[in-house]
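Q: turn this into a structure:
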Amino acid sequence: MNTKNLKKIIIAAMFSAVIAVATMIIRIPSPTGYVNFGDCFVLIAGWLLGPFGILAAAIGSALADFLSSYTIYIIPTFIIKGCMALCAWTLFKAISNGGKKRIAASYITSAVIAEIIMVSGYFIFEAIFFNPMLAVQSVLGNVFQGLTGILAGTLLIGAIKKQNIHII
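A: Numbers count the residues shown, from 1 in each chain. As a prediction, this is how the structure comes out:
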């Protein structure tokens with residue numbers, strides 16, 4: 001294994017831990033549960049780490065569900081959060097060619113689409129495994145969660161890039 005891949009694996013493991021902690025510890029009450037900052041770091045992991053970020057997002061988010069005793073959500077969360085990071089990474093890469101304005105728009109666009117994946121993914125899971133009315137009731141909370149992730153994620157990645165911090 002080369003040094004660059006080892007460094008990416010170590011940073012991805014650290015991102016998994018940060019995602020789990022940000023999901024479990026930082027909780028803002030909402031009408032349908034709580035909002036956390038895990039999605040912020042799911043997006044950043046995807047943007048900065050690519051394929052390694054996808055695994056970090058999936059593992060960290062699923063770990064938070066496991067440690068918080070939301071065991072029925074572990075597998076759907078693993079899939080949904082991994083898809084979010086995949087979307088953030090691939091869309092950003094596809095549309096970010098250009099100046100600074102295009103890069104900022106690329107972060108925002110990829111974050112919005114990734115959060116739409118989150119809202120629809122949990123809606124589908126809850127409609128199938130619980131009931132459609134519960135799924136409908138959770139949409140508002142998940143939208144608020146998504147908006148929080150978009151805002152915090154894009155602001156934080158902007159600060160990281162402005163300070164010229166190189167994670168890898």
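Q: so for the spatially most central residue of the chain, what's the pLDDT?
A: By C-alpha atoms, centre = their mean, the chain has its centre lying nearest to V42, at 2.6 Å. At V42, the model reports a pLDDT of 98.
Q: quick one, what contacts it?
A: V42 sits next to 19, 57, 60-61, 81, 84-85, 88, 114, 149, 153 when contact means C-beta atoms under 8 Å, 6 or more residues apart in numbering. (Each C-beta comes from the backbone N, C-alpha and C, glycine too.)
Q: 7 Å instead, please
A: Applying C-beta atoms under 7 Å, 6 or more residues apart in numbering, one finds that V42 lies in contact with 19, 57, 61, 81, 84-85.
Q: spatially nearest residue to it, not counting backbone neighbours?
A: In space, and not counting its chain neighbours, V42 is closest to A57: 4.2 Å by C-beta to C-beta, 6 or more residues apart in numbering.
Q: neighbours of that neighbour, how many?
A: By the criterion of other C-beta atoms under 10 Å, A57 has 35 neighbours.
Q: for it, give me its contacts.
A: For A57, the contact set (C-beta under 7 Å, 6+ apart) comprises 19, 42, 45-46, 81-82, 84-85.
Q: go with 8 Å
A: Counting by C-beta under 8 Å, 6+ apart, A57 has contacts 15-16, 19, 41-42, 45-46, 81-82, 84-85.
Q: where does this structure have low pLDDT?
A: Within the chain, the stretches with pLDDT under 70 are 1, 31-33, 98-101, 168.
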